[in-house]
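Asker: how would this look folded up:
(one chain, ligands or ions: 1)
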Amino acid sequence: MPGPLDPSLPVAMFDSGVGGLTVLHECLVSLPEEDFVYLGDTDWFPYGTRDPRLLRARIEGIASLLLARGAKLLVIACNTATSIGEDVARAVAAEHGVEVVPVVAPQAEIAAAITDSGRVGVLATPNTVESGAYRHALEAQGRPLEVIEVEAPDLAPFIQNGSLFDESAVTMARAYCAPLRAAEVDTLILGCTHYPLVAPMLQRILGRDVRLVSGGHAVAAAAQRTLEGAGLARERREEGDYRFLCTGESAAFREVGTRFLQMPLGEVEQVEIPARH
Ligand code: DGL
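Answerer: Residues are numbered from 1 along each chain as shown. Okay, here's the model as predicted:
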């Protein structure tokens, strides 16, 4: 049996790259007094097209590494990791007596609550769409919804690479949005934590009447509720600390991450993910 957790431990979170920084941002706004450790698995990016079986083992390794270093909560700041391996992350976290906050369910709840027409779009990675995670989460909301899912294999890599917003980028985004426009969705779930970083481009293509739902805010609220419920929230007033780990080249992660998070990432530690078995 794991012992009681110390409230001074950090909140750990991970993504395949810089996308989860959109979740970290919301957590820093809601929980400024907490310490955070963020891992970007840049060596394995993109998760969206990886073999799900290998991805599950990788997620297990990441959760083990983060929790072995000490954390009081694990946030899965990646929709693909949540869709493919939420159960694996939960199993590792349970060994440490740590709770898990995932990303898919909170967005489904918001989308079902705000759609007028009941036509909800989901833009996500191929793995996320194929897992059926959003479809199931939306079905569980208890109101009949028409769900239009679009796989966007090239969108997260475009963002992760820090590419320019040139004509080809807009053409790619238009192509992904075409079926959503044709289906006249009034609500679009940004089903990948990278996508809020290109929300202005998507909003322009889809028009003012389509509401974009990203998960960060709801995840931050869930993290806050979980910490308070477990008596693990920090009571202090001063700002917490944040640390970054990545598995690929750290300079590239620091550069793109600093630009998107709009604050210095500082030293980024390069780590290797242990194989669990
Ligand atoms: N940010 C990710 C997600 O939420 C990952 C994109 C990828 O690695 O393909 O799905």
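Asker: use CA for all of it now, contacts and neighbours both
Answerer: OK.
Asker: now for Val147: which residues touch it?
Answerer: By C-alpha atoms under 8 Å, 6 or more residues apart in numbering, the contact set of Val147 is Arg119, Val120, Gly121, Val122, Arg135.
Asker: for the residue of the stretch 151-277 of the chain found nearest the ligand, grab the count of nearby residues.
Answerer: Nearest residue of the stretch 151-277 of the chain to the ligand (C-alpha to the nearest ligand atom) works out as Cys192 at 3.4 Å. For Cys192, the count of nearby residues is 27 (other C-alpha atoms under 10 Å).
Asker: need the residues of the stretch 151-277 of the chain near the ligand, please.
Answerer: Applying C-alpha under 6 Å from any ligand atom, we find that the stretch 151-277 of the chain lies next to the ligand at Ala156, Cys192, Thr193, His194.
Asker: please look at the third one and Gly20 and confirm they touch.
Answerer: Yes: using C-alpha atoms under 8 Å, Thr193 makes contact with Gly20 at a distance of 5.5 Å.
Asker: which neighbours do the two share?
Answerer: The contact lists of Thr193 and Gly20 share Ala77, Cys78, where a contact means C-alpha under 8 Å, 6+ apart.
Asker: circling back to that earlier point, tell me which of the contacts of Val147 fall in strands.
Answerer: Secondary structure from DSSP state E places Arg119, Val120, Gly121, Val122 of the contacts of Val147 in strands.
Asker: identify the farthest-apart pair in the residues of the stretch 151-277 of the chain next to the ligand.
Answerer: Ala156 and Thr193 (8.7 Å; C-alpha to C-alpha).
Asker: joint contacts of those two?
Answerer: Joint contacts of Ala156 and Thr193 (C-alpha under 8 Å, 6+ apart) are Gly19.
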